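[1] how does the following fold in three dimensions:
(2 chains)
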Amino acid sequence: MRLRAEYGAGPDLRFLSNLDMMKLMARALRRAEIPFALSEGFNPHIRLSLGTVLPVGLWSICEYFDLELEQEISCSEFIQKLNLCLPPDVKITACIEIDTAPALMKSINCSCYSFIVNTPLDVAEQWRDTILKKDELVVKSRGKKKDLDKNLRPGIFKIEVNRWQNFAIIDIWGSVGEPVNVRYDELMELLVLTGIDKEDILDVYRSGNYIRVKDNFFTPLEKVK
Amino acid sequence: MKDRLFRDILPQVSKPARYTGGEVNMIKKDWEEAQAKMVFAFPDVYEVGMSHIGGKILYGLVNEKSNHLMERSFAPWPDLEEVMRRENIPLYSLESFRPLGDFDVVGFSLQYELSITNVLNMLDLSGIPLWSKDRPNGCPLVIAGGPVVFNPEPFAEFFDAFLIGDGEEVTLEFLDCVYKNREMDRNELLLKLAQIEGAYVPALYQVEYKDDGTIRKMYPVVKEAPAKVRRRVIEDLDQAYYPDKPIVPYMDIVHDRAVLEVMRGCQRSCRFCHAGMVYRPVRERSVDTLKKQAAAQLASTGYEEISLASLSTLDYSGVSPLVKDLVKEYGPQGTGVSLPSLRVDAFSIDLANEVQKVRKTTLTLAPEAGTQRLRDVINKNVSDEQLFNAVEAAFKSGWNSLKLYFMIGLPGETDADLDGTIELIRKVKAIGDRYSRRPVEIRASLASFVPKAHTPFQWRAQNSIEELDKKRRYMMRERQRRIKLSFHDSETSYLEGVIARGDRRLAAAIYKAWEKGCKFDGWSEYFHFDRWMEALRDCNIDPDFYNLRQRDYEEVFPWDFIETGIDRKYLIEEDERAEEGISTPDCRQEGCRDCGVCMALGVDLQIKEGYGDAIES
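    Down below sits the predicted model:
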């Protein structure tokens, strides 16, 4: 039996690496006595695979993992049992049974990053409109080709602006991998380069991971084929 | 504080997960409700400090079994230190993000001589005066425990008190006393604390020196302080507290697994071994207790590995049934068992094979010296035959690499012994090559011998840096394929030796070294030998006096006032037997050797699972 689960990892855990998160989940699964399946070989490990890497420094409300089980367990029981054993800042929010869905790592091709900005809503909206009109949005790469110029524009699919208390939330849908890998720290730099004061960026988190097909964005729970 | 750290400070530094707290099983007690407030301060980074069993025990003990509170703090890596100093952020505890200065007691764990500069640095980052005499009323009491405090004298002037020996009882007694007398003037409180057995308050003692620099006498200056400070010892480990819910760190730490302490103490009597002398006698936990503790820890942590810790786990009388039961019980869930060190015999290898059914571990054997003659001198009771049998058993059952531990600079060592070591490694490799399809790889680690206080070798001179380097070059003169020798840094060993048998006069130089920027001295990238030597020179201290000098049996040592329970006569006898190359058997096989511990401390060897089982050599 295979499960796909959606979870959030709150601000207190923003400094965890992907490996740390993997360990955290594996140990919670053991504490919760979930009937997980083990791999073969000298170093058996739980057959658990996480979605796209959540970078160190970022928290998220919407991450995913796939898990292989040895015995049947209902999704609601799984969620309930595991949540009892997770640290307060991690929570399973949804879970479905899947059969042979393609690996999360391979299918997720878009992430949404949300910036909480201390800016009036109309200013943020104006910013969005200007950005979307541009053909090129160049920042310094933080990834593999460090410090080279990198054009983020082809990897930015959508920007939405909403009000939250006295602040604006800017949601940016960026590509993962192809055509250009958009990183949250590069987006942060883009905001600063295009007129938003660094001091006014109060927080940033990941608010979604998607499987994008043309202009449609499916969550990994919606698209399992 | 926490918000600022998470938003502005921690994103700037490497491995920020070291500094966030909030781990699974962390205990954060209500500050106002708690009686005495203590912070457990570990003078190294989080990954090292969180791997230490003593800290896990004390943390659980104080928080679960008393109305006091204990939080944690570790040495910040230099990148964070720089930001903290720039932004005026004091060193804080990981539970409530309070500065160390808010606590009643700051308790350091001293595992290693050279960690003292990190202690000073942590105090400085907390705004706590470094010298005990400069701390006013209202300032935390700064105390220390751990193996290093069996000679606390080099650090005497930095600490208000030391707790000597097993910490389970004395820590609570100490905190009770601090809380009960919380309104008391600091100096009066110190008099009270000095009356707790196992507590040493250095300010209450005076030392007089002879013209040759050795000690004439050391004595308490007030009647409240005892002339001898007797180490604390837990009689029955089955009755002692052990944590069922240790903290599970998020980040990778050095020993990232559940740990069972199967016993305390070791009776093998290796003459170089500090721990083997100061933690006597052997006190075991029963297999029953350990199985319960394993079940509780695994349920509360979700760890995928469980380690059986002690000074010599293969000597634990119940090791065989314990390992078999644990593997049977937890193996199916992929939870492995690990043995931190193996005894050099075939029995050990059989057991290692048992363990390997689940999870592959590194195979490490410690013959310590390369010739039978020298092993008799240091009383490492292992024969060539035993070693070769062990090695053969290991390679036969499919291991294809092996690590061997040796020491160089041992008393009476000659070139023939060094040749013997190389020869031994070659023979081990030849056995391996016979059983393995591919040529095997042998790695040998060669530590420099440092004579330690309270051991039969406490009178001996240490090898100089030149001697050690010469021996290293001698052993490296021929390169060997698939044999890797790695040597400890001789300068580090030298300094360790100075402090290990040092006295109060070293404090000035330690302070100077810290002022010159010494910290993380145990980390080679931060170790600055030249700064240390400068500091010693500035203070007119000749370091050779402390470690290159052969001492007389009559000499008064700075650590003599600490009563480990071991008879001085026994240590002298052992030193003389070393000179004659006569080994001394294990007291649980061949009867009592009169080391004096059991009589002096009113305790006894505690073998829980019968005498016959584990010992077959």
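
[2] ok, for B:Phe108, nearest residue in space, not its chain neighbours?
    What sits nearest to B:Phe108 in space, not counting adjacent residues and going by C-beta to C-beta, 6 or more residues apart in numbering or on different chains, is B:Ala144, at 4.4 Å. Bear in mind the C-beta positions are built from the backbone N, C-alpha and C, glycine included.

[3] what about the one you found, which helix or strand?
    strand B:141-145 (DSSP states H and E).

[4] how about the residues of chain A by chain B?
    Within chain A, the residues that sit near chain B (C-beta under 8 Å from any C-beta of the partner chain) are A:11-17, A:19-20, A:23-24, A:26-31, A:38, A:42-46, A:56-57, A:85, A:87, A:89, A:203.

[5] list only buried entries from those residues.
    Among the residues of chain A next to chain B, those classed as buried by 16 or more other C-beta atoms under 10 Å in any protein chain shown are A:12-17, A:20, A:23-24, A:26-31, A:44, A:46, A:85, A:87.

[6] list the contacts for B:Pro456?
    B:271, B:277, B:571-572, B:574-575, B:578 (C-beta atoms under 8 Å, 6 or more residues apart in numbering or on different chains).

[7] with secondary structure and pLDDT as added columns, please give the residues you listed in a markdown table.
    As requested, those are arranged in a markdown table below (DSSP: H, G, I helix; E, B strand; the rest coil; pLDDT from 0 to 100):
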| residue | secondary structure | pLDDT |
| --- | --- | --- |
| B:Arg271 | coil | 97 |
| B:Met277 | helix | 96 |
| B:Leu571 | helix | 97 |
| B:Ile572 | helix | 97 |
| B:Glu574 | helix | 97 |
| B:Asp575 | helix | 97 |
| B:Ala578 | helix | 96 |
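
[8] okay, buried residues for the strand ranked longest in chain A please.
    If you go by DSSP state E, chain A has its longest strand at strand A:201-213. Under the neighbour-count criterion of 16+ other C-beta under 10 Å, strand A:201-213 has A:201, A:204-212 buried.

[9] what do you get for stretch A:58-68?
    Buried residues in stretch A:58-68 (16+ other C-beta under 10 Å): A:58-67.

[10] any chance of the backbone angles for B:Lys396?
    Dihedral pair for B:Lys396: phi -60, psi -40, per degrees, to the nearest 10.

[11] in contact with the nearest residue to it once chain neighbours are set aside, which residues?
    Among residues not flanking B:Lys396 along the chain, B:Tyr435 sits closest, at 5.4 Å (C-beta to C-beta, 6+ apart). With contact set as C-beta under 8 Å, 6+ apart, B:Tyr435 has these partners: B:392, B:395-396.

[12] any idea how far B:Val428 is from B:Tyr435?
    Using C-beta to C-beta, to the nearest Å, B:Tyr435 is found at 12 Å from B:Val428.

[13] B:Pro78 now?
    For B:Pro78, the distance to B:Val428 - C-beta to C-beta - is 40 Å.

[14] more neighbours: which of the two?
    In this view B:Pro78 and B:Val428 are compared by other C-beta atoms under 10 Å in any protein chain shown, and B:Val428 has more residues nearby, 25 against 16.

[15] what's the following helix or strand after the helix or strand of chain B with the lowest mean pLDDT?
    Here the helix or strand of chain B ranked lowest by mean pLDDT, DSSP states H and E is helix B:346-356, holding a mean of 79. Moving toward the C-terminus from helix B:346-356, the next helix or strand (DSSP H and E) is strand B:364-368.

[16] quick check on the contacts of B:Pro456: which are buried?
    Using 16+ other C-beta under 10 Å, the buried ones in those are B:271, B:277, B:571, B:574-575, B:578.

[17] can you name the two of the residues you listed that sit furthest apart?
    B:Met277 and B:Ala578 (13.6 Å; C-beta to C-beta).

[18] if I pick the residue of chain B found nearest chain A, what's in contact with it?
    Nearest to chain A, among the residues of chain B, is B:Gly302, at 3.2 Å (C-beta to the nearest C-beta). Shown in contact with B:Gly302 (C-beta under 8 Å, 6+ apart): A:26-31, A:85, B:248.

[19] if we go to 6 Å?
    By C-beta atoms under 6 Å, 6 or more residues apart in numbering or on different chains, the residues touching B:Gly302 are A:27, A:30-31.

[20] same check, this time on A:Leu38
    So A:Leu38 contacts A:44, B:334 (C-beta under 6 Å, 6+ apart).

[21] quick check: it vs A:Pro44, distance?
    Distance from A:Leu38 to A:Pro44, by C-beta to C-beta: 4 Å.

[22] any shared contact partners between these two?
    Counting by C-beta under 6 Å, 6+ apart, the residues touching both A:Leu38 and A:Pro44 are B:Gly334.

[23] just read off the phi/psi values of the residue sitting furthest away from the middle of chain A.
    Most distant from the centre of chain A: A:Phe42, at 32.3 Å, with distances by C-alpha atoms, centre = their mean. In terms of degrees, to the nearest 10, the main-chain angles of A:Phe42 are phi -70, psi -30.

[24] where do the helices sit along chain A?
    Here chain A has its helices, by DSSP state H, at A:18-31, A:75-85, A:104-107, A:121-133, A:184-193.

[25] show me what counts as buried in the fourth one.
    Within helix A:121-133, the residues that count as buried by 16+ other C-beta under 10 Å are A:121, A:124-125, A:127-128, A:131.

[26] which one of these is nearest to chain B?
    Within the buried residues of helix A:121-133, the smallest distance to chain B is 20.7 Å, found for A:Ala124 (C-beta to the nearest C-beta).
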